[in-house]
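Asks: sequence and predicted structure below; questions after.
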Amino acid sequence: MPRNVRVLFVGDSVTAGFGLGGGLSYVCLVTERLRERGVQAEILCNALDGADSGYLLRRYHRMVTAHDPDWVVLNIGLNDALPPEGRAARGPAEYAANMLELIDRTTTLGARPLLVVPNPRFPQPAALRLAGYSFDAVGSDDGTSRPTDVMPQYADVVRGLADALHLPLVDAHRAFLAEPDMTRLLQDGTHPTPAGHELLADLVTEELLQVLGGDAAKFSAARR
């Protein structure tokens with residue numbers, strides 16, 4: 001008997017729902033929204049605080065292969081750019097190579113990747129609360145003191161891979177930067193607030209609705 005399409009979310013503390021109570025992470029919200037739209041899908045999540053692209057490659061069998069997914073939503077990169085204390089940062093070129101390998105392994109399984117561009121990350125979160133700070137014109141020379149987002153080059157890597165390989169893409173980085181008040185979306189310069197998870201859920205749900213179509217069960221049956 002064919003099972004429902006299986007969508008596996010893989011990532012770091014953002015995907016794990018760091019700092020939130022049960023049911024508030026974007027993965028949980030996506031699950032609810034797909035159900036409300038009548039999409040019969042099995043949603044799984046395998047995410048770990050501090051994980052980066054290298055960790056995911058080393059643990060790929062346990063984190064991905066063992067779950068036999070139809071779709072793999074890859075949201076990884078924040079800890080490549082700015083790793084936990086004691087680990088060296090991974091440059092954009094190495095990150096790109098790792099992401100390409102993750103995509104190759106996923107397609108070899110017979111699954112399909114959906115790439116999420118990681119949200120912005122600011123090493124000095126207190127700077128986000130500067131009076132009068134605005135993200136309306138990021139990068140403009142308006143004399144405003146702006147905190148530094150460490151993610152733009154990594155975001156470009158994910159966009160470039162999606163474009164070159166014709167993969168579905170959720171550009172969370174761009175969507176977050178479009179918000180004038182970043183403190184509404186990021187609780188500590190890195191992890192999304194409940195409002196940030198709502199935004200992520202909106203973006204991911206709409207993309208999954210596009211790629212799964214109106215009848216996800218038929219999609220999964222076609223692969224079996």
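Replies: Sure, I can see it. Numbers count the residues shown, from 1 in each chain.
Asks: so where's the chain uncertain?
Replies: Within the chain, the stretches with pLDDT under 70 are 1-2, 124-146, 214-224.
Asks: just give me the longest helix of it.
Replies: helix 194-212 (DSSP state H).
Asks: tell me the helices and strands packed up against that helix.
Replies: helix 26-36, strand 71-75, strand 112-117, strand 169-171, helix 172-177 (3 or more C-beta pairs under 8 Å, 6 or more residues apart in numbering; DSSP states H and E). No exception for glycine: its C-beta is placed from N, CA and C like everyone else's.
Asks: residues making contact with the next helix or strand after the second one?
Replies: Put plainly, it is strand 71-75. Next in sequence after strand 71-75, counting helices and strands by DSSP states H and E, comes helix 78-81. The contact list for helix 78-81, computed with C-beta atoms under 8 Å, 6 or more residues apart in numbering, reads 12-14, 50-54, 87, 89-90, 94-95, 98, 118-119, 121, 150-151, 153-154, 190.
Asks: could you point out which element follows helix 78-81?
Replies: Next helix or strand after helix 78-81 toward the C-terminus (DSSP H and E): helix 92-108.
Asks: one step back: can you lay out the helices and strands packed on helix 194-212 as JSON lines showing mean neighbour count and distance to residue 62?
Replies: Below are those laid out as JSON lines (neighbours: other C-beta atoms under 10 Å; distance: least, C-beta to C-beta, whole Å):
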{"stretch": "helix 26-36", "mean neighbour count": "19", "distance to residue 62": "18"}
{"stretch": "strand 71-75", "mean neighbour count": "25", "distance to residue 62": "14"}
{"stretch": "strand 112-117", "mean neighbour count": "24", "distance to residue 62": "18"}
{"stretch": "strand 169-171", "mean neighbour count": "20", "distance to residue 62": "25"}
{"stretch": "helix 172-177", "mean neighbour count": "21", "distance to residue 62": "25"}
